[in-house]
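**Q** Sequence first, predicted model second:
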Protein chains: 2
Amino acid sequence: MSANVIDVSDPADPRLDDFRDLNSVDRRPDLPTGKGLVIAEGVLVVQRMLASRFAPRALLGTDRRLEELGADLTGVAAPYYRVTADVMADVVGFHLNRGVLASASRVPELSVPHVLETARTIAVLEGVNDHENLGSVFRNAAGLDVDAIVFGSGCADPLYRRAVRVSMGHALLVPYAWASDWPRDLETLRDNGFRLLAMTPDPAARTLASAVSEVADQRLAVLVGAEGPGLSERAMRASDMRVRIPMSRGTDSLNVATAAALAFYERARLSR
Amino acid sequence: MSANVIDVSDPADPRLDDFRDLNSVDRRPDLPTGKGLVIAEGVLVVQRMLASRFAPRALLGTDRRLEELGADLTGVAAPYYRVTADVMADVVGFHLNRGVLASASRVPELSVPHVLETARTIAVLEGVNDHENLGSVFRNAAGLDVDAIVFGSGCADPLYRRAVRVSMGHALLVPYAWASDWPRDLETLRDNGFRLLAMTPDPAARTLASAVSEVADQRLAVLVGAEGPGLSERAMRASDMRVRIPMSRGTDSLNVATAAALAFYERARLSR
């Protein structure tokens, strides 16, 4: 079965409502308090949505992007509303040169025990409330062999459109779960054999290289906090080791997603 | 001598023109084709400008930020135009909660031989035309012990306001130079004893860890290209080694600034 293509020429057609006013502060369809949809943008991210647990319920795009998606849409039941670039701009509220969008309903969140089950390396985030940083952490996790992400308190929504876009769609693919009792859930990690490394700019902390090598044969959780405040003292105390990236020039810190990437890399560097 | 403070209450005062319409597409003061000013935003970045070769010619800010800057302004001849947050918003065209700005004229660019002189590790960028990525590369270079940056063809302006902001001011501090003959200037690097490592997602390339360890005792230039196209084939051919970051899950690539950070980290990881 090939794609379910429906041509639409009227931007006001209510079948396109999943994609209406994408940038509107209060009507945008990805607000958890509103429609709560998950929106994928562009061919690559739509492909990743198709491979994820978020099954598209509708797609909106140009004929060119339909061709590029090609066989990826075989067997996909959701309609592909084929429109011109102008109709698309009218619907979403701006010119979107990625040319294709997919919408999906949210699905039940995974639990912490579920995402830990087969994981060898995970990231634990606290207070990462910036969608762009959050998306970057997912992208880095996907590329650098991190199996799952656990959210402590104060994190932003990884299914927000901007987070999904910056993650290159990996926010839909890398398993994540929200801690239900923070920071006590860190005990659950330890009970499951994870060693907990807390990232800090504190010059008294151990270097990343020495700490990661010490736990090379064990399960590892890398804890990172928001830029600026960093991890809370409670989260720090619940960890096994405080770990720093050696920094030059008295620089304060790296971007949180970059710091996390260095830890992921240190963990993965010799394994492949 | 303490700061040269001048109270201004009229947003139309021409003495504030360095900071007018900061977001305007065609009138913004940091356009190289216009006033070509360098703009620092926020206390930390203004402090870094004060420590850089870009001497401020004017500052605009609230009384609170003046207090935070305190002794940093001792001996600074440039006027600090003290205004209310409302006047500031009127001048710049939006509410800027960093609360202080400094402007500086551009200074003559440094030459490639000059920035190489005492450098042990440098980054070489080609086609990095995104101001945010460029700013992030500078921030990562500053934190991870990179001594200088050389721009090949197709790079954006590191003194653009957004690049300076994302770099946390390090675009003003980390020495950089524009190649005058690209990619032939790579020969100049080699003549100066640099080993040239070209970053690529090519799975046939050597791993970052093994390549960097091989050149541990030598001067090193890390070459990175733009996300997507990557380095040009000419730049690749002019390099000594092609180097890859081991990636999981068939992910295409990391963000260019993140990839560069991993290379910088690999170079620095055992040195401190």
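**A** Done, it's in. Numbering: from 1, shown residues only, chains lettered A, B, ... in the order given.
**Q** Quick check: which ranges of the stretch 51-200 of chain A have low pLDDT?
**A** Nowhere does the stretch 51-200 of chain A drop to pLDDT under 70.
**Q** Close to chain B: what parts of it are there?
**A** For the stretch 51-200 of chain A, the contact set with chain B under C-beta under 8 Å from any C-beta of the partner chain comprises A:Ser136, A:Arg139, A:Asn140, A:Ala142, A:Gly143, A:Leu144, A:Asp145, A:Met168, A:His170, A:Leu173. Backbone N, C-alpha and C define where each C-beta goes, glycine included.
**Q** Next step: these restricted to helices.
**A** Applying DSSP state H to these, the entries found in helices are A:Ser136, A:Arg139, A:Asn140, A:Ala142, A:Gly143.
**Q** Would you mind confirming that the last one makes contact with B:Asn255?
**A** No - counting by C-beta atoms under 8 Å, no contact exists between A:Gly143 and B:Asn255, whose distance comes to 9.5 Å.
**Q** and those two? which has more neighbours close in?
**A** Neighbour count, other C-beta atoms under 10 Å in any protein chain shown: between A:Gly143 and B:Asn255, A:Gly143 has more, with 28 against 22.
**Q** coming back round to it: of the ones in helices among the residues of the stretch 51-200 of chain A next to chain B, grab the buried ones for ChimeraX.
**A** For the buried members of those, the matching ChimeraX selection, counting by 16 or more other C-beta atoms under 10 Å in any protein chain shown, is:
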select /A:136,139,140,142,143
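**Q** and of the ones in helices among the residues of the stretch 51-200 of chain A next to chain B, the nearest to chain B?
**A** Nearest to chain B out of those is A:Gly143 (C-beta to the nearest C-beta; 4.1 Å).
**Q** What distance do you get for the closest one to A:Ala260?
**A** Using C-beta to C-beta, to the nearest Å, we find A:Gly143 at a distance of 12 Å from A:Ala260.
**Q** just A:Arg15 next, same as before
**A** With distances taken as C-beta to C-beta, A:Arg15 is found 40 Å from A:Ala260.
**Q** Give me the more crowded residue out of those two.
**A** A:Ala260 (27 against 13).
**Q** wait, is that one part of a helix?
**A** Yes - under DSSP: H, G, I helix; E, B strand; the rest coil, A:Ala260 falls within a helix.
**Q** Determine the number of other residues adjacent to the closest residue in space to it that isn't next to it in sequence.
**A** Closest residue to A:Ala260 apart from its sequence neighbours, by C-beta to C-beta, 6 or more residues apart in numbering or on different chains: A:Val224 at 4.9 Å. Neighbourhood size, A:Val224 [other C-beta under 10 Å]: 26.
**Q** ok, now which ones touch the closest residue to A:Ala179 other than its chain neighbours?
**A** Among residues not flanking A:Ala179 along the chain, A:Asp185 sits closest, at 4.0 Å (C-beta to C-beta, 6+ apart). Residues in contact with A:Asp185, defined by C-beta atoms under 8 Å, 6 or more residues apart in numbering or on different chains, are A:Val112, A:Val150, A:Gly152, A:Ala179.
**Q** Narrow those residues to those in helices?
**A** A:Val112.
**Q** Quick one: which of the contacts of A:Asp185 is the most crowded by neighbours?
**A** When neighbours are taken as other C-beta under 10 Å, the top entry among the contacts of A:Asp185 is A:Val150 (28 neighbours).
**Q** Is it in contact with A:Ala123, as I believe?
**A** Yes - the pair A:Val150 / A:Ala123 is scored as a contact, 7.4 Å apart, by C-beta under 8 Å.
**Q** Could you pull out the strands in chain A for me?
**A** Counting by DSSP state E, one finds strands in chain A at the ranges A:4-7, A:38-41, A:56-61, A:79-82, A:100-104, A:121-126, A:148-151, A:176-178, A:194-199, A:206-207, A:219-225, A:241-244.
**Q** what's around the nearest residue to A:Tyr265 once chain neighbours are set aside, how many residues?
**A** Leaving aside its sequence neighbours, A:Tyr265 sits nearest to B:Leu262 (C-beta to C-beta, 6+ apart; 5.1 Å). By other C-beta under 10 Å, 26 other residues sit near B:Leu262.
**Q** check contacts around B:Leu262.
**A** Counting by C-beta under 8 Å, 6+ apart, B:Leu262 makes contact with A:Ala261, A:Leu262, A:Tyr265, B:Leu208, B:Ile245, B:Leu254.
**Q** got it, and A:Arg206?
**A** A:Met241, A:Arg242, A:Val243, A:Arg244.
**Q** which residues pair with the last one across the strands?
**A** Under the criterion DSSP bridges, A:Arg244 forms beta bridges with A:Thr207.
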